[in-house]
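[1] Build me a model from this:
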Amino acid sequence: MLCVVTGVGFLIHVYSVGYMAEEEGYWRFFAYMNLFLFFMLTLVLAENFLLMFVGWEGVGLASYLLIGFYFTRDSAANAGKKAFIVNRIGDFGFLIAMFLLIAHFGSLSFGDVFSQIGAHPEWQSGFLTAIALFLVLGATGKSAQIPLYVWLPDAMEGPTPVSALIHAATMVTAGVYMIARTHVIFDRSPLALAVVATIGVATAFFAATIGILQTDIKRVLAYSTISQLGYMFLGCGVAAYSAGIFHLVTHAFFKALLFLAAGSVIHALSGEQDMRAMGGLRKKIPITFWTMTAAVLAISGVPPFAGFVSKDEILYQAFLSPNGGKIFWAVGLLTAGLTSFYMFRLWYMTFFGERRTPEAAHEEDYGAPVHARSDTKLTLEAEPHAHPVHESPWVMLAPLVILAILSVVGGFMGWPEGLGGSNWFSHFLEPAVKTVHMSYEQTSVAIATGAANAPNASPAGNKQLELTLAAVSTLVAFLGWLFAHILYYAKPALPARLADNLRAVYALVKNKYWVDEIYGALIVTPVLFIARWVLGVLVDRVVIDGGTLTAGYSAQGLGALVARIQSGNIRSYAGWLALFAAVLLAISYFGWTTHFYLR
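    Numbering: from 1, shown residues only. Predicted structure coming up:
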């Protein structure tokens, strides 16, 4: 994990030197970036839950600063606030988990907690399930899983290198890392593992369906990240922790490459992000084209690229899982096909066809390439208003080349035994993620997750099965490319006709299932009403302001009354003296009279 954070983070820093060269706040950007890496390394190096939580909160702070880097834009400022607030919901779950750990173990040290669990094989489910589920709540916030994924697409408001850092090497991987790091707790709770797997596979499919109609190149990659994180959750949910971490590593390679290559495209087009205003770029920016092609092939699951190896290992382990594994595998396989489709859709819309006008990008095209519409006017770069397309400088291209190489060969360190490899990565991580404290290996949990207690292992009898599943997965990836080729290259007018015939489905997906609107109506609006009217008007103005004003006017009135006594007139003083003397005599008289009658 340290190698991923520092290695990929270093390449993103080098790239940023060129990408941010003309931006204001250049020094502020790098200060925030290094703060981000500092807190992520704190999270990774933590030996206890409390220090991990410090890093956990730190990356949340740094993400707020970086997402809202262009703070003069309302959209960026709101996106930063959204990321910060949504993550606070998940962080609340992490806090509750720590309180439960203190109550049951008297310690927050990983070593103390894990050793106590290992010494008590009778501890199954119960409070361990509660702790695990609260940790899952924290992980869903940080790693953008259902239901707390909504902050990540809006995080695209930050500079592109920030998106690469958040999506590839740091923040969103923290939740997956935390689950794998605390797997000893999850191993004792089949329910918690099932929840992790279900959330993962549901998020993977859900985000992939949204990605197929996005037109902003960075938002396509954002939903792709959410989907790929779902695969990592699925791996951890079937107790194949090393498979989940392996996909985390390979994903860091090709997702960082995708975002940085997208940044190179945006740089070449002088800030344009809408894919409907792109096209015909493969000959204009060839190095960006070929490096991004490697990333597209990797994430689409084309062998032998890195994404194929790690994704198929997760699907294979899910297939072997005795608890709903076949369903998990089927949904994961369908998601792989959708991933291939929307990534090749991005590839065709960005690099093929002819360059399209930025004005046409804002026309309603039902997801079809703009050049497919009969009323679209094509424009060449030679026209006065068009910016000349230019390749990025080498300070930006060098990280792309390195990441492209890693995206091609990175999978070989975990090449499965069923396909003739040695699965070195799995064996390397086995001491850390294999079910430890073998005193409970024969318990119900070990039986329930028996296929995954030796993560990513490929028994000799299952090699044929692994080969078959890999072939099926490759076929699905090919079908995804084929559909994208037909719709966005061979017959570019077809998507518009399909959208016309499926308007309801198109509107549902295009509007991202209206999840943000539902959250706004059910959660944000009531909270704002309570904050602005109940607390703002009733409590703040009536109770607090009213009480303060009442106290002030009372003191002012009493002061005015007392001030009348200090008139400087001797006859007035004598009168006041006589009056108060009479009052004191009256009080004394009635007091003694009352005392006499009471006796």
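
[2] From residue 75, how far off is the closest residue to residue 155 other than its chain neighbours?
    Leaving out its chain neighbours, the residue that sits closest to residue 155 by C-beta to C-beta, 6 or more residues apart in numbering is residue 67, at 4.9 Å. The way it works is simple: take the backbone N, C-alpha and C, and place the C-beta from them, glycine included. According to C-beta to C-beta, to the nearest Å, residue 67 stands 10 Å off from residue 75.

[3] Report the mean per-residue pLDDT for the helix or strand where residue 314 lies.
    In the assignment (DSSP states H and E), residue 314 maps to helix 306-320. Averaging pLDDT along helix 306-320 gives 93.

[4] how about the helices in the stretch 51-200 of the chain?
    For the stretch 51-200 of the chain, helices defined by DSSP state H, counting those that start in this stretch occupy the ranges 74-105, 110-119, 127-142, 151-154, 160-164, 174-181, 183-187, 190-211.

[5] Go through the last one and flag the buried ones.
    It stands for helix 190-211. 190, 192-211 (16 or more other C-beta atoms under 10 Å).

[6] Give me the next element, helix or strand, following it.
    Next along from helix 190-211, by DSSP H and E: helix 217-237.

[7] Can I get the helix holding residue 314 in CSV, CA atoms only?
    Provided in CSV are the C-alpha atoms of helix 306-320 (Å, rounded to 0.1, in the frame of the first residue of the first chain):
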residue,chain,number,x,y,z
ALA,A,306,-3.5,-5.8,-15.6
GLY,A,307,-7.3,-5.3,-15.1
PHE,A,308,-8.1,-8.6,-16.7
VAL,A,309,-6.0,-10.6,-14.2
SER,A,310,-7.2,-8.8,-11.0
LYS,A,311,-10.9,-8.5,-12.0
ASP,A,312,-11.1,-12.2,-13.1
GLU,A,313,-9.5,-13.3,-9.8
ILE,A,314,-12.3,-11.5,-7.9
LEU,A,315,-15.0,-13.1,-10.1
TYR,A,316,-13.4,-16.5,-9.7
GLN,A,317,-13.3,-16.2,-6.0
ALA,A,318,-16.9,-15.0,-5.9
PHE,A,319,-17.9,-17.9,-8.0
LEU,A,320,-16.4,-20.3,-5.5
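
[8] now the angle between helix 217-237 and the helix or strand that comes right after that helix, please.
    Once the chain leaves helix 306-320, the next helix or strand it forms, by DSSP H and E, is helix 325-351. With axes from the mean of the first three to the mean of the last three C-alpha atoms, to 10 degrees applied, the angle from helix 325-351 to helix 217-237 works out at 160 degrees.

[9] For the next helix or strand after helix 325-351, give me every contacting residue.
    Towards the C-terminus, the helix or strand next in line after helix 325-351, according to DSSP H and E, is helix 394-409. Identification of contacts with helix 394-409 by C-beta atoms under 8 Å, 6 or more residues apart in numbering yields 8, 11-12, 14-15, 17-19, 250, 253-254, 256-257, 260-261, 263-264, 267, 287-288, 290-292, 294-295, 297-298, 304-307, 391.

[10] what's the burial count for residue 527?
    Residue 527 has 11 neighbours, counted by other C-beta atoms under 10 Å.

[11] Could you say which helix or strand holds it?
    helix 525-529.

[12] what's the spacing between that helix and its chain's center?
    24 Å (C-alpha atoms, centre = their mean, to the nearest Å).

[13] how about the very next helix or strand once past that helix: buried residues?
    Later in the chain than helix 525-529, the nearest helix or strand by DSSP H and E is helix 546-565. The neighbour-count check on helix 546-565 (16+ other C-beta under 10 Å) flags nothing as buried.

[14] what's the answer for stretch 93-100, then?
    For stretch 93-100, a neighbour-count test (16+ other C-beta under 10 Å) marks 93-94, 96-98, 100 as buried.

[15] Repeat that for stretch 473-490.
    Those would be 473-474, 476-477, 480-481, 483-485, 487-489, for stretch 473-490 by 16+ other C-beta under 10 Å.

[16] got the contact list for it?
    Applying C-beta under 8 Å, 6+ apart, the set of residues contacting stretch 473-490 is 300-303, 308, 311-312, 315, 333-334, 336-345, 347-349, 352-353, 368-369, 494-495, 498.

[17] Now do the same for it: mean pLDDT, whole number.
    94.

[18] Now do the SS call for residue 280.
    In three-state terms, and counting by DSSP: H, G, I helix; E, B strand; the rest coil, residue 280 is coil.

[19] Tell me how many other residues surround it.
    With other C-beta under 10 Å as criterion, residue 280 counts 18.

[20] who touches it in this structure?
    Residues near residue 280 by C-beta under 8 Å, 6+ apart: 351-355.

[21] Save these as JSON lines, and put in distance to residue 323 and pLDDT too.
    Shown next, in JSON lines, are the contacts of residue 280 (distance: C-beta to C-beta, whole Å; pLDDT from 0 to 100):
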{"residue": "351", "distance to residue 323": "43", "pLDDT": "93"}
{"residue": "352", "distance to residue 323": "44", "pLDDT": "91"}
{"residue": "353", "distance to residue 323": "46", "pLDDT": "83"}
{"residue": "354", "distance to residue 323": "51", "pLDDT": "82"}
{"residue": "355", "distance to residue 323": "51", "pLDDT": "77"}
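
[22] Give me the buried entries from those residues.
    Among the contacts of residue 280, those buried by neighbour count (16+ other C-beta under 10 Å) are 351-353, 355.

[23] of these, closest to residue 422?
    residue 351 (36.6 Å; C-beta to C-beta).

[24] Spatially, what comes nearest to that closest one if we skip its sequence neighbours?
    Using C-beta to C-beta, 6+ apart, the nearest residue to residue 351 is residue 282, at 4.0 Å.
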